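*Asks:* Structure of the sequence below:
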Amino acid sequence: MRVYIVRHPETEFNQKEIVQGWADSNLTEKGKRIAERLGMRLKNKDIAKIYSSDLGRAMQTAKIINKYLNVEIIPKTELRERNFGKFNGKPVSLIKQKVDLEDGVLVLPNGESIKEMKKRVLQFIKQLKEKKPVLMVTHEGCLRVILTEKYNVKLNSARGNTSSEKIYNVKIKD
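*Replies:* Numbers count the residues shown, from 1 in each chain. Predicted coordinates:
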């Protein structure tokens, strides 16, 4: 199965260096332009449907891209970014003073660990059974866990680095 994956582009919180997690903010004008370009680049890929994180910024991205695809958008909680718990919507600098965000097993207060997020995202992908290519619209953390799993590398590996302007083309074994 062919899966194209994009992460949402720049949001207002990204500009302000605020951790979003399950909090939300709108795409910036730059983010909207990037989503438009992604849509133009995806329009001839024979995509049958879009699975998107149900968070607003990902859904906003999916809707912009869908102007070029005109397919069903299916919101999925499984594709949400990591839940940063009490740190959702807080400045990155404040959080880094209190916790190591790279610690894969650290469960944030009222949130989840990277390991838990990875399990959630990969379980969703493994249950997909599509004949035609699909698009996934998700977040930096989710895309990183998908790529590091695909390449069998550590989470902090450069192979897991992501860009909001890139389309990731992943073959999922049936």
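*Asks:* Quick check: residue 74 vs residue 133, distance?
*Replies:* For residue 74, the distance to residue 133 equals 14 Å [CB to CB, to the nearest Å]. (Glycine included, C-beta is placed from N, CA and C.)
*Asks:* more neighbours, these two?
*Replies:* It is residue 133, of residue 74 and residue 133, that has more neighbours when counted by other CB atoms under 10 Å, with 16 against 13.
*Asks:* Quick check: the gap between that one and residue 71.
*Replies:* Relative to residue 71, residue 133 is positioned 10 Å away (CB to CB).
*Asks:* So which bits of the helix or strand of the chain with the lowest mean pLDDT are buried?
*Replies:* In the chain, the helix or strand scored least confidently by mean pLDDT, DSSP states H and E is helix 92-98, which has a mean of 86. For helix 92-98, the neighbour count (16 or more other CB atoms under 10 Å) marks residue 95 as buried.
*Asks:* Going along the chain, name the helices of the chain.
*Replies:* Counting by DSSP state H, the chain has helices at residues 12-15, 29-42, 56-69, 92-98, 114-127, 140-150.
*Asks:* Of the ones you listed, give the one that comes closest to residue 157.
*Replies:* In terms of CB to CB, the element of the helices of the chain nearest to residue 157 is helix 140-150, at 6.0 Å.
*Asks:* quick one, the closest one and helix 114-127 angle?
*Replies:* Taking axes from the mean of the first three to the mean of the last three CA atoms, to 10 degrees, helix 140-150 and helix 114-127 form an angle of 70 degrees between their directions.
*Asks:* Can I get stretch 47-64 as CSV, trimmed to CA atoms?
*Replies:* What follows is stretch 47-64, C-alpha atoms only, in CSV (Å, rounded to 0.1, in the frame of the first residue of the first chain):
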residue,chain,number,x,y,z
ILE,A,47,-5.0,9.5,-4.0
ALA,A,48,-8.2,7.8,-2.9
LYS,A,49,-8.7,9.4,0.5
ILE,A,50,-7.1,11.6,3.1
TYR,A,51,-6.6,10.4,6.7
SER,A,52,-5.9,13.5,8.9
SER,A,53,-5.2,14.1,12.5
ASP,A,54,-8.5,15.6,13.9
LEU,A,55,-6.6,18.6,15.3
GLY,A,56,-7.5,21.9,13.7
ARG,A,57,-4.2,22.7,12.1
ALA,A,58,-4.0,19.3,10.4
MET,A,59,-7.6,19.4,9.3
GLN,A,60,-7.0,22.9,7.9
THR,A,61,-4.0,21.6,5.9
ALA,A,62,-6.1,18.6,4.7
LYS,A,63,-8.9,20.9,3.5
ILE,A,64,-6.5,23.1,1.6
